[in-house]
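> Sequence and predicted structure below; questions after.
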Amino acid sequence: MKFIIGSDNDGYALKERIKRHLIAKNAEVLDKTEREDVSFAESAKRVAEAVAEGEGDYGIVVDLYGTGSFIAANKVKGIICAALTDEYSAHMTRRHNNASMIALGSGVVGEQLALRLVDVFSETAFDGGRQRIRVDMLNRMIREEA
Amino acid sequence: MRIAVGCDHVMVELKNRIAEYAASKGHVVQDMGTLNGERTHYPIYGKRVADSVASGQADRGILVCGSGLGISISANKVAGIRAVVGNGIDTVRYARQQLNANVMGVGGMVTGWGVVQDMVDAFLETDYSETEANKRWIEEIDGMVRDNGQMGDVNIFSDLLQKWDRGEYNC
């Protein structure tokens, strides 16, 4: 499994912790921000566009609250990004929304919870079936520029 | 303020309760549906509320689904919308202060009524506090999606709904 990750300065330490966790699990990790001091919007945009292009399976973005990254990532066509603070939402957003990205707040979730959220999210499958029309609707939104 | 509210078919009661709560605080509430438990699709209502806020018909929007996520994601797809998932009172306060969030999503399966009330208060009563930094963040976000004709388009999902009616989603 391949993860694309990114953060602003506030999310840097947690992003690095998540990276080590994923690499220890033998996952492939592509870091779109490394040590760069970029805004959460830039970080979310880089990761979301890479996920939308199929460069990896899932995207993870971190900033102080997760909210700015959540909003920005969802502005990219074809991206469904979930802001997570609990495990229930982590599995439901895969089952029902077919989310391909998560946004975490380094100031909101502790390290252990953050790693659990990453694991639960990435290990849960999409339900498909009737949930698919809602996902089709989300992907329909944001019209391509003429 | 004028508050647009919307929800999926599972969270009608909570949406109504939030609408009553906001009205009791003196706000004018626009209920954009759904209105009953008949199965429907959350992006329809997320978009309705988002369009209402983005076009200036409402000042803010509150959306409810199971996790608060799906319906907030649909709102964020609309140009000019900055939707926060209400997964903590402090997060909602931050989103108002720093991001001038204009829509809040609530997860009825995740959050109890006491926290929901406090989040509604934080969302409706916290002012945006402009700084050079957060002004730039908001410009960056808003610059990602400009309205290119989708706003207010109620037919955007028509062909998908026809497909649903033909049973092509296996349900």
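Received the coordinates, thanks.

> Please name the nearest non-neighbouring residue to the most centrally placed residue in chain B.
Taking C-alpha atoms, centre = their mean, the centroid of chain B lies closest to B:Leu63, which sits 3.9 Å from it. Residue nearest to B:Leu63 in three dimensions, not counting chain neighbours: B:Ile71, with 4.3 Å by C-beta to C-beta, 6 or more residues apart in numbering or on different chains. Placement of C-beta: from N, CA and C, glycine included.

> tell me the strands in chain B, going along the chain?
If DSSP state E is used as the criterion, the strands of chain B fall at B:2-7, B:28-31, B:60-65, B:83-85, B:103-107.

> Let me have these in TSV, adding mean pLDDT as columns.
Output for these, formatted as TSV (pLDDT from 0 to 100):
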stretch	mean pLDDT
strand B:2-7	98
strand B:28-31	98
strand B:60-65	98
strand B:83-85	98
strand B:103-107	98
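
> Most tightly packed of those strands?
Of those, the one with the most neighbours on average (mean count of other C-beta atoms under 10 Å in any protein chain shown) is strand B:83-85, at a mean of 33.

> Residues touching it, excluding its own?
A:67, A:70-71, A:82-83, B:50, B:61, B:63, B:68-69, B:72-73, B:75-76, B:91-92, B:95-96, B:99, B:101-105, B:107, B:123 (C-beta atoms under 8 Å, 6 or more residues apart in numbering or on different chains).

> Show me the shaky parts of chain A.
The model of chain A has pLDDT under 70 over residues A:144-146.

> Might you list the low-confidence residue ranges for chain B?
Per-residue confidence for chain B (pLDDT under 70) gives these ranges: B:171.

> Contacts only, for the residue nearest to B:Asp142 when sequence neighbours are not counted.
On the basis of C-beta to C-beta, 6+ apart, the spatially nearest residue to B:Asp142 that is not a chain neighbour turns out to be B:Gly80, at 6.3 Å. By C-beta under 8 Å, 6+ apart, the contact list for B:Gly80 reads B:53-54, B:102, B:142, B:147.

> Could you tell me how many residues sit around B:Arg136?
B:Arg136 has 12 neighbouring residues, counting by other C-beta atoms under 10 Å in any protein chain shown.

> And it, how far from chain A?
According to C-beta to the nearest C-beta, to the nearest Å, B:Arg136 stands 7 Å off from chain A.
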